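>>> Predicted model and sequence below, questions to follow.
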Amino acid sequence: MNDGSAMPYRRTRRFLGGLSDRLVRLLFCIRYTGLEHIPDRGPVILVANHTSMLDMFAIHGRVGPWIHWVAKKELFRSRVLARLLLRLGCIPVDRDKADLAAARGIMAVLRQGGIVGMFPQGTRVRPDQIDQVRPRSGAVHFALRTGAPLLPVAIRGRFRLFSRVQVIFGQPFVLEGGPAPALGNGELHRLSLQVMQRIYDLADGGQL
C-alpha cells in the first residue's frame, strides 16, 4: 500500500504542509505527545476533537502521510477556496444528507492506503459544549466498512497567539462490531460516543 500521496498536486501539498507546520509552531507553543503512535501508511481514519480552524494544520505538521480531510461543503462555495481545498485533497461532504460522492472519495483514499481525517462532532466545539453536540457516525461507518483502524487525536488548549496547545496522538484501534449496513442508528451513535470518549480521555490526561 502507499500513503495516498501518489495523487495530483503532490508538490503543492508538500509546500503548504511544510509552510503550515512552520507557521503554527511560530505562532503557538505546541507540544506534541504520542508521536510514536502515528502509522507510516494507511489505510487509517484519523479522528479528532474540533476546537479551531487551526486544528488540521497543527495535526498535519506531525503526520508523515498526507491527510485527506473531510470538510463541509459550505467551505467550497468560494471558487478560489474550493480550488485550494481540492488541491489539498480535501473531500467535500453534505452534512444534511447521504453524500454518495463524498463516500466514494473517502473509500478511494482508504483503498489507496491513505489517511482520511475527520472531526466526528462536525463543527467546532468548546469544552463546555461537549455534551450538547451529537457526534456524527461517518468515521465509525467507514471504519466498520473497511476495517481501517481509527487514530484518535486530542487537541488541548486554545489557539491564541503564543498560547500553549497540546496535540496528543493515541494508539490506533480497530472497532469491533458488525458490518456498518447491518447496524442501526442507535448502535452507530453508541460507537461514535465511544470514539469521542477515547479522544477526551486523551485530552484529560494531557498537560499544558
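It's in.
>>> Quick check: beta-bridge partners of the residue nearest to the spatial centre of the chain?
Central residue check for the chain by CA atoms, centre = their mean: the C-alpha nearest the mean position is that of Gly117, 2.7 Å away. Under DSSP bridges, the beta-bridge partners of Gly117 are Leu46, Trp69.
>>> Pretty sure it sits against His68.
Yes. With the criterion set as CB atoms under 8 Å, Gly117 and His68 qualify as a contacting pair; they are 6.7 Å apart. From N, CA and C alone the C-beta is placed, and that goes for glycine too.
>>> what's the longest helix in the protein?
Longest helix in the chain, counting residues (DSSP state H): helix 185-204.
>>> Remind me what it packs against, helices and strands.
Here helix 185-204 touches strand 44-48, helix 138-146, strand 150-156, going by 3 or more CB pairs under 8 Å, 6 or more residues apart in numbering; DSSP states H and E.
>>> shaky segments in this structure?
Within the chain, the stretches with pLDDT under 70 are 1-9, 126-132, 178-182, 206-208.
>>> Skip ahead from the helix or strand harbouring Leu85 and say which helix or strand is next.
Following DSSP states H and E, one finds Leu85 within helix 79-87. Downstream of helix 79-87, the first helix or strand assigned by DSSP H and E is strand 91-93.
>>> Restrict the helix or strand that that next one is followed by to CA atoms and write it as PDB.
Later in the chain than strand 91-93, the nearest helix or strand by DSSP H and E is helix 100-111. C-alpha atoms of helix 100-111 as PDB (Å, rounded to 0.1, in the frame of the first residue of the first chain):
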ATOM      1  CA  LEU A 100     -22.500   9.400  -2.300                       C
ATOM      2  CA  ALA A 101     -19.800  11.500  -3.900                       C
ATOM      3  CA  ALA A 102     -18.100  12.000  -0.500                       C
ATOM      4  CA  ALA A 103     -18.400   8.400   0.300                       C
ATOM      5  CA  ARG A 104     -16.700   7.400  -2.900                       C
ATOM      6  CA  GLY A 105     -13.900   9.900  -2.300                       C
ATOM      7  CA  ILE A 106     -13.300   8.500   1.200                       C
ATOM      8  CA  MET A 107     -13.300   4.900   0.000                       C
ATOM      9  CA  ALA A 108     -10.900   5.800  -2.800                       C
ATOM     10  CA  VAL A 109      -8.400   7.300  -0.300                       C
ATOM     11  CA  LEU A 110      -8.600   4.400   2.000                       C
ATOM     12  CA  ARG A 111      -8.300   1.800  -0.800                       C
END
